[in-house]
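In: Coordinates for the following, if possible.
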Amino acid sequence: MEKVLITGIAGGQGRLLASRLMANFTVCGVDWTPWPNPPDEISVYTLDLRKRRFEDVVRTERPDAVVHLGMIRHFKGDPKRRHDVNVRGTKQLLDHAVEYGVQKIVVVSSGYVYGAFPENPFYLDEEHPLSASRSYPEIRDLVEVDSLAAAFLWKYPHIRTAVLRPVNVLGASVRTMIANYLRRERVPTVLGFDPMMQFLHESDIAEAIAQALEQGLQGVFNVVGPGQVPLHTAIRETGGQATPILEPLFRPAIRMLFGAGVVPWPPGALDYLKFPVTLSGERFAEATGFQPLFGLAETFASLRAGR
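Out: Prediction:
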């Protein structure tokens with residue numbers, strides 16, 4: 001069987017993906033946090049992608065494929081460290097892939113890289129510019145990672161590289177900013193705004209990654225779920241209560257509280273509570289035949305189960 005190396009394997013999404021791939025791949029993985037008692041069939045290394053020891057793992061394991069989930073997506077620590085881990089860590093990974101003969105790479109980016117703006121068309125396709133840094137500078141590192149992977153795709157066409165941009169992922173094991181936001185009992189919203197939002201079950205994104213890997217997909221692809229609903233509907237269906245706040249009060253309060261480390265949301269994140277970032281998943285569906293296995297009701301229920 002082909003061998004796949006998963007970065008970020010110890011997280012909830014990494015474990016789900018490892019479980020999905022074990023039937024068809026030999027699986028190994030790395031993470032900076034340990035995975036206590038992983039399955040015997042999986043070799044797991046606790047390390048930093050920026051260190052020499054990671055290159056040693058790639059050289060000795062010689063994976064045929066790599067799935068890159070190992071990025072910092074929260075804002076709890078030093079922003080300079082986050083940027084360095086995400087951007088330099090990804091560059092190191094891609095360099096090692098070239099040097100040690102990796103044949104397939106899947107980089108999991110985010111639909112957030114397009115940015116939330118009032119002029120956004122209802123369905124953004126993969127040709128839309130990545131403009132998130134204009135209003136949300138805290139995620140410029142994710143935009144850089146996405147751009148780095150897209151440039152790599154064209155520079156090394158013999159390596160089957162897919163960049164996936166999923167919509168909001170929800171599930172019992174997901175600890176992303178949007179998932180934790182919807183887990184709150186009283187969920188703050190921007191008064192007068194109720195943007196359409198898309199969601200994808202955690203098992204469906206694992207399936208999408210697996211299909212991209214198994215089919216040797218090459219290119220940039222949005223990955224979407226079964227539909228879209230207004231934000232207030234998502235809050236209600238995940239068991240919360242929307243609490244509208246005037247933006248002139250909300251934004252300065254978030255700026256102050258984020259700066260003090262009290263809340264995990266940077267001020268730029270508020271635009272995603274105002275303007276829609278709805279993606280077209282047509283290209284990925286045509287390339288792979290992918291269809292979500294879980295509907296929105298099941299996706300919302302999975303988050304309620306993890307409260």
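In: just for the protein, where's the confidence low?
Out: For the chain, residues meeting the criterion pLDDT under 70 lie at 306-307.
In: please redo it, this time with the cut-off set to 80
Out: For the chain, the stretches flagged by pLDDT under 80 are 305-307.
In: Quick check: closest non-adjacent residue to Glu214.
Out: Asn24 (6.8 Å; C-beta to C-beta, 6 or more residues apart in numbering). Any C-beta I mention is one placed from the backbone N, CA and C, and that applies to glycine too.
In: burial of that neighbour, as a residue count?
Out: Counted with other C-beta atoms under 10 Å, residues neighbouring Asn24 total 13.
In: Please, where are all the strands along the stretch 51-200 of the chain?
Out: Assigned by DSSP state E, counting those that start in this stretch, the strands in the stretch 51-200 of the chain fall at 65-68, 104-108, 160-166, 168-170, 186-190, 196-201.
In: re earlier: what sits against the residue nearest to Glu214?
Out: When contacts are counted by C-beta atoms under 8 Å, 6 or more residues apart in numbering, Asn24 is found next to Met1, Glu2, Glu214.
In: mind giving me TSV with these and columns for distance to Leu182, secondary structure and neighbour count?
Out: Listed next are the contacts of Asn24 as TSV, based on distance: C-beta to C-beta, whole Å; DSSP: H, G, I helix; E, B strand; the rest coil; neighbours: other C-beta atoms under 10 Å:
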residue	distance to Leu182	secondary structure	neighbour count
Met1	38	coil	11
Glu2	36	strand	14
Glu214	31	helix	16
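In: which residues of the stretch 101-250 of the chain fall in helices?
Out: Assigned by DSSP state H, counting those that start in this stretch, the stretch 101-250 of the chain shows helices spanning 140-155, 177-182, 202-214, 231-237, 247-259.
In: Torsion angles phi and psi at the residue nearest to Glu214?
Out: phi -120, psi -10 (degrees, to the nearest 10).
In: just to revisit the earlier point, looking at the helices of the stretch 101-250 of the chain, which is closest to Trp35?
Out: helix 202-214 (16.1 Å; C-beta to C-beta).
In: gap between the closest one and the chain center?
Out: 12 Å (C-alpha atoms, centre = their mean, to the nearest Å).
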